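Student: Structure for this input, please:
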Amino acid sequence: MNLEVIILAAGQGTRMRSNFPKVLHKLAGKPMLSHVISAANKLQASSIHVVVGHGAETVKQEITEEDIQWALQAEQLGTGHAVAQAMPGVSADATVLICYGDVPLVKDDTLTKLVNQVDENAMALLTVNLDDPTGYGRIVRNEKDEVTSIVEQKDASAEILTIKEVNTGILAVSAKKLNQWLPQLSSENAQGEYYLTDIIAMAVKEGMIVQTHQPESEWEVQGVNNRQQLSELERVFQTQQANKLMENGATLADPARVDIRGELTVGKDVFIDINCLFIGDVTLADNVVIGPNCVIESTSIGQGSIIKANCVLEDAVIKSRCDVGPYARLRPGTMLSDTAKVGNFVETKKTNVGEGSKINHLSYVGDSELGSNVNIGAGTITCNYDGVNKSKTIIGDDAFIGSNTALVAPVNVGKKATIGAGSTITSDVAEEQLSVTRTKQQNIDGWKRPTKKQ
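Tutor: Numbers count the residues shown, from 1 in each chain. Model (predicted):
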């Protein structure tokens, strides 16, 4: 089957009260439209067409997925009109799946089952039964339970308004039939628009079968028209992610207080405390413990490592049995080897910390290579930036860096070297040397403190 997907994303979304196109509002840190594109990509469609209108250029700039075919709906004249704008780019022999950029939680499995019902004699419609169907087009069936038409809310009689089965707008049909039916659409209705749903009656008139499929949950087909609905879907999505984590071996202190904006992979017996945020691709190996209030982005954490409260980790690699935090910040390019420790109020960047090495308190270590079993004293900084260029600090195995040391890069501290507390190191220190740079202490007798002038 040659499958092509059309995603309608031209609406303004006035009820969002926003300067941004509605489909760019984010769910789980990603534009709603990107969620739909991701689902479409999983279907291995030969082409994905996105119909844009309001804020078209902004949408194109923000959506960076490759191989998107863009179509412009300059005037918003209804869903049928929108689909027609994309059809010139659709292969004549394709099966066409039509989705919506503001329906972000639809599952690829649901779409696959829908598409598989299409053949030369049948089209497929995704429907759902709602306790309160107000606002939706109703699915009208005959005495044989066959779909005969879809009637929009504003055009429905009192009898039709009692129907609970409604149209989600998502459907699949051959391109050949769309090219035949779309030019026949009329705007003579309460909205003055070209309804895509009118093709159902055309299909029935030609004797085609209108197959239907329903999603596992109504949330899959819930559209977003305002920020309240967006927040509801955010909670649904996060609950789904939390349940997956627990199924895969993680304990969550409170599933309602963990947010995932990307892909989080967990091993067995992982523990995640409250108010943690995971962004991008994050991996937690077996027995990892994440303390409360942590933000972890695009980072892998090895077996048995502990991340204590209030840490911020970004683009870092943490090996096994490491100890991080509390209040540590690991910036991009940080790599901690096994059993390394980075303590409270420590910041690292582009730094490899060797096995068993420790940076326990109140330090900045950037553009550095630390060997194994290095001890970095409190208040140590690597002075890696001269205002123009970044330079590197290299510290050998078993070196001891005393508290309040400034290492002015480029500088190399040899194995088992010791730096006395309060030193400013501007040149290399050889292996096993002691380096101290301090002014001589002076104690002045009879010192009188200044007094405040009257």
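
Student: helix/strand/coil for E232?
Tutor: helix (DSSP: H, G, I helix; E, B strand; the rest coil).

Student: got the contact list for it?
Tutor: Q222 (CB atoms under 8 Å, 6 or more residues apart in numbering). Glycine gets a C-beta too; all of them are placed from N, C-alpha and C.

Student: Also the one 10 residues further on?
Tutor: Contacts were defined as CB under 8 Å, 6+ apart; by that measure A242 touches 252, 255-256, 258, 260.

Student: Just among those residues, which is most surrounded?
Tutor: Within the contacts of A242, neighbour counts (other CB atoms under 10 Å) peak at V258, which reaches 23 neighbours.

Student: tell me the domain boundaries of the chain?
Tutor: Following automatic domain parsing, the chain resolves into domains at 3-221, 227-435.

Student: Which among those domains is found nearest to K448?
Tutor: Checking the domains of the chain against K448 by CB to CB gives domain 227-435 as the closest, at 27.0 Å.

Student: What is the end-to-end distance of that closest one?
Tutor: 61 Å (CA to CA, to the nearest Å).

Student: go on, stretch 395-404?
Tutor: Terminal-residue distance, stretch 395-404 (CA to CA): 16 Å.

Student: and that stretch, how far from the chain's centre?
Tutor: 39 Å (CA atoms, centre = their mean, to the nearest Å).

Student: picking that back up, can I get the domains of the chain in JSON lines including distance to P450 and mean pLDDT?
Tutor: Converted to JSON lines, the domains of the chain look like this (distance: least, CB to CB, whole Å; pLDDT from 0 to 100):
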{"stretch": "domain 3-221", "distance to P450": "56", "mean pLDDT": "94"}
{"stretch": "domain 227-435", "distance to P450": "26", "mean pLDDT": "97"}
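
Student: Quick one: the helices in the stretch 101-250 of the chain, in order.
Tutor: 108-115, 175-181, 199-205, 227-247 (DSSP state H, counting those that start in this stretch).

Student: Return the set of buried residues in the third one.
Tutor: If you call a residue buried by 16 or more other CB atoms under 10 Å, then helix 199-205 has these buried ones: 199-204.

Student: returning to that earlier point: possible to save the domains of the chain as a markdown table with distance to K452?
Tutor: Shown next, in a markdown table, are the domains of the chain (distance: least, CB to CB, whole Å):
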| stretch | distance to K452 |
| --- | --- |
| domain 3-221 | 56 |
| domain 227-435 | 31 |
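
Student: Ok, which of these comes nearest W447?
Tutor: domain 227-435 (21.9 Å).

Student: thinking again about what came up before, among the helices of the stretch 101-250 of the chain, which comes closest to Q61?
Tutor: Per CB to CB, nearest to Q61 of the helices of the stretch 101-250 of the chain: helix 227-247, 21.2 Å.

Student: hmm, back to that, can I get the helices of the stretch 101-250 of the chain in CSV including distance to R141?
Tutor: Converted to CSV, the helices of the stretch 101-250 of the chain look like this (distance: least, CB to CB, whole Å):
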stretch, distance to R141
helix 108-115, 18
helix 175-181, 20
helix 199-205, 11
helix 227-247, 28
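
Student: Next one: the closest residue to Q44 other than its chain neighbours from V90, what distance?
Tutor: Sequence neighbours aside, L3 is the residue nearest to Q44 in space, at 7.4 Å (criterion: CB to CB, 6 or more residues apart in numbering). The gap separating L3 from V90 is 11 Å, by CB to CB, to the nearest Å.

Student: In terms of neighbours, single out the busier of those two.
Tutor: Neighbour totals were compared for L3 and V90, and V90 leads with 23 against 20 (other CB under 10 Å).

Student: And that one, how far from G280?
Tutor: 34 Å.

Student: Could you do G304 as well?
Tutor: Taking CB to CB, one finds G304 at 23 Å from G280.

Student: out of the helices of the stretch 101-250 of the chain, nearest to E62?
Tutor: Closest among those, using CB to CB: helix 227-247, at 16.4 Å.

Student: helices or strands next to the following helix or strand past the closest one in the packing?
Tutor: Using DSSP states H and E, the helix or strand that follows helix 227-247 towards the C-terminus is strand 250-252. Contact partners of strand 250-252 among helices and strands, from 3 or more CB pairs under 8 Å, 6 or more residues apart in numbering; DSSP states H and E: helix 227-247, strand 270-272.

Student: With neighbour numbers in mind, choose between G304 and G280.
Tutor: For G304 and G280, the more surrounded residue by other CB under 10 Å is G304, and the numbers stand at 18 against 15.

Student: Report the contact partners of the more buried one.
Tutor: 285-288, 320-321.

Student: again, only this time at 7 Å
Tutor: By CB atoms under 7 Å, 6 or more residues apart in numbering, the residues touching G304 are 287, 320-321.

Student: do Q211 as well
Tutor: 117, 122-125.

Student: try it again with 10 Å
Tutor: Neighbouring residues of Q211 by CB atoms under 10 Å, 6 or more residues apart in numbering: 114, 116-119, 122-125, 147, 171-172.

Student: try G262
Tutor: Applying CB under 10 Å, 6+ apart, the residues contacting G262 are 28-30, 241, 278-282, 297-298.

Student: That one sits in which helix or strand?
Tutor: Using DSSP H and E, G262 falls in strand 258-266.

Student: Distance from that strand to the middle of the chain?
Tutor: Using CA atoms, centre = their mean, the offset of strand 258-266 from its chain centre is 8 Å.

Student: and the helices and strands packed on strand 250-252, which is most packed in?
Tutor: Of all the helices and strands packed on strand 250-252, strand 270-272 has the most neighbours on average by mean count of other CB atoms under 10 Å, namely a mean of 23.

Student: before we move on, the earlier item: residues that sit against both of L3 and V90, list them.
Tutor: With CB under 10 Å, 6+ apart, L3 and V90 have common neighbours 46-47, 96.

Student: Highest neighbour count among those residues?
Tutor: Highest count within these by other CB under 10 Å belongs to V96, 29 neighbours.

Student: Neighbours of the nearest residue to it once chain neighbours are set aside, how many?
Tutor: Excluding the flanking residues, the one nearest V96 by CB to CB, 6+ apart is A175, at 5.1 Å. Neighbour count of A175, defined by other CB under 10 Å: 18.

Student: my guess is A175 meets N2, correct?
Tutor: Yes. Judged on CB atoms under 10 Å, A175 makes contact with N2 at a distance of 8.9 Å.

Student: Which neighbours do those two have in common?
Tutor: Joint contacts of A175 and N2 (CB under 10 Å, 6+ apart) are 90-96.

Student: Endpoint to endpoint, stretch 425-444 covers what distance?
Tutor: Note: stretch 425-444 ends 28 Å apart using CA to CA.
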